[in-house]
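Trainee: here is a sequence with its predicted model. Questions after.
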Amino acid sequence: MRQASLFVSLVSSCLLVSGVHAASIGVTTATAYTSTTGCSESCDAFDGPCSLICDNQTDTLVEFATAQLALTPISFTASATADGITLGGKTEAHVMAGFNVEFTLTEPTFVYVEWNIFFPVAETNFLSPPLPADGIWVGELQPGSYFAHADHMVMGEGAQASGIFVRVIPDPDADCDGDGVFDYLEIVNGTQQDADFDGVPDDCGVEGDLDGDGAVGASDLAILLGAWGGSGDADFDGDGSVGASDLAVLLGLWG
């Protein structure tokens, strides 16, 4: 197992190797499925977020299957539940639900992984059992191929569920607002937003970085010149029009 890890049940601070690492997760496969009597659904998350439900209730059967799967450039979330009860008759409940996510890392990459008691951790090749019902794992994965999958089947009566959330941490030590809480924790806890999925809180973007590449350079200058006389993000001084003073600001932030 290719990993250097720190496992914790509640994370408030982590002693991780500093520095910026990979900022994408490289998912290659992301599928999910559900099945009950008379219902069968499947999806590929590359076509959009998956939300599958098969619900079959009769006088003799109660069958319920659900699967959720969603991707961003730096994360994935997956869960599946299979629940069945046979109330009588000759036909037993037969319920299936699952998902499969595969991803490839080309360089050492820090990740944040979370699961909970309602969705115990899925089977993976990067987490070492035994694991608690609720957990968070933060650590570095080495280059290689990884997976997280679940295949649940209930015959007759029972319930099975699992899930996982994985997010890349480009810089595990980053705290751009200096509040003593790492940026990645503020993002996963919802106290900071990361709408562009670059692993950096939106409120902490690089000033003057109009193209979002993390630095101020020629492409940002081109954007500013293209907006000359108008309004928008290049209006750094807030006077309602992009002009010479905004150009001066950008040049002062160059690099």
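Mentor: Great, that's in hand.

Trainee: what ranges in the stretch 1-150 of the chain fall below the confidence cut-off?
Mentor: Low-confidence segments of the stretch 1-150 of the chain, defined by pLDDT under 70: 1-23.

Trainee: give me that answer again for 90
Mentor: Residue ranges of the stretch 1-150 of the chain with pLDDT under 90: 1-24, 88-90, 129-133.

Trainee: repeat that for the stretch 151-255 of the chain.
Mentor: Using pLDDT under 90, the stretch 151-255 of the chain drops low at 170-171, 174-179, 192-216, 231-233, 236-238, 253-255.

Trainee: ok, now with 70
Mentor: 205.

Trainee: and the helices in it?
Mentor: 183-189, 218-226, 244-252 (DSSP state H, counting those that start in this stretch).

Trainee: in CSV: those helices, plus distance to F119 and mean neighbour count.
Mentor: For the C-beta atoms, the positions are set from N, CA and C on the backbone; glycine is no exception. Converted to CSV, these look like this (distance: least, C-beta to C-beta, whole Å; neighbours: other C-beta atoms under 10 Å):
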stretch, distance to F119, mean neighbour count
helix 183-189, 16, 20
helix 218-226, 42, 15
helix 244-252, 46, 15
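
Trainee: want to throw those into CSV with distance to L127?
Mentor: CSV is the format used below for the helices of the stretch 151-255 of the chain (distance: least, C-beta to C-beta, whole Å):
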stretch, distance to L127
helix 183-189, 17
helix 218-226, 40
helix 244-252, 45
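
Trainee: in CSV, list the C-alpha atoms belonging to stretch 166-176.
Mentor: Output in CSV follows, covering the C-alpha atoms of stretch 166-176 (Å, rounded to 0.1, in the frame of the first residue of the first chain):
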residue,chain,number,x,y,z
VAL,A,166,-12.1,12.2,-1.1
ARG,A,167,-10.6,15.6,-1.8
VAL,A,168,-7.2,16.6,-3.0
ILE,A,169,-5.2,19.0,-0.7
PRO,A,170,-2.8,21.1,-2.9
ASP,A,171,-1.0,22.6,0.1
PRO,A,172,-1.7,20.9,3.5
ASP,A,173,-0.1,23.7,5.4
ALA,A,174,-1.9,26.7,3.7
ASP,A,175,-3.8,29.1,5.9
CYS,A,176,-4.3,32.1,3.6
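
Trainee: gap between it and the chain center?
Mentor: Offset of stretch 166-176 from its chain centre (C-alpha atoms, centre = their mean, to the nearest Å): 13 Å.
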